[in-house]
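Q: sequence first, then the predicted structure:
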Amino acid sequence: MMYAYCYADRKIEFGKTIPNGDLPCGRGPARKLRDVVSVNARHAKDGISLLVPGIPEATNEFEAIEKLKWFRDLVEMRMSGQAGWPASRGDAP
């Protein structure tokens, strides 16, 4: 089991546990989770880092958390094989 997680800087990391203070983005078998997150995340200018979509444009912390929840729901849907999009949480990315 692997976890995808991020903190306020919006950068997505992977690990066997979620560090204190970081927020979960998804969980599942390592290869599948990395594939799902990589396809659905925003790719940073460095070409390596993955970012939660919508957080850079968020105007406040509440909006950023809503973007993270939407992304987490999207990852969960894709991990379970569901197509479509999560229910909108405000202005989803």
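A: Happy to help now that I have it.
Q: any idea how far I12 is from I65?
A: I12 sits at a distance of 15 Å from I65 (criterion: CB to CB, to the nearest Å). Bear in mind the C-beta positions are built from the backbone N, C-alpha and C, glycine included.
Q: who's more crowded, these two?
A: Counted by other CB atoms under 10 Å, I12 and I65 do not tie: I12 has more neighbours, with 24 against 15.
Q: just checking, the more buried one touches C25?
A: Yes - using CB atoms under 8 Å, I12 makes contact with C25 at a distance of 5.9 Å.
Q: tell me which other helices or strands the longest helix belonging to the chain touches.
A: Longest helix in the chain by number of residues, with DSSP state H as the criterion: helix 61-79. Helix 61-79 sits against strand 23-28, helix 30-40, with contacts defined as 3 or more CB pairs under 8 Å, 6 or more residues apart in numbering; DSSP states H and E.
Q: just the pLDDT at E57, thanks.
A: pLDDT, E57: 87.
Q: tell me the gap between the longest helix of the chain and the middle of its chain.
A: Chain-centre distance of helix 61-79: 6 Å, with CA atoms, centre = their mean, to the nearest Å.
Q: report the angle between it and helix 30-40.
A: Here helix 61-79 runs at an angle of 130 degrees relative to helix 30-40 (axes from the mean of the first three to the mean of the last three CA atoms, to 10 degrees).
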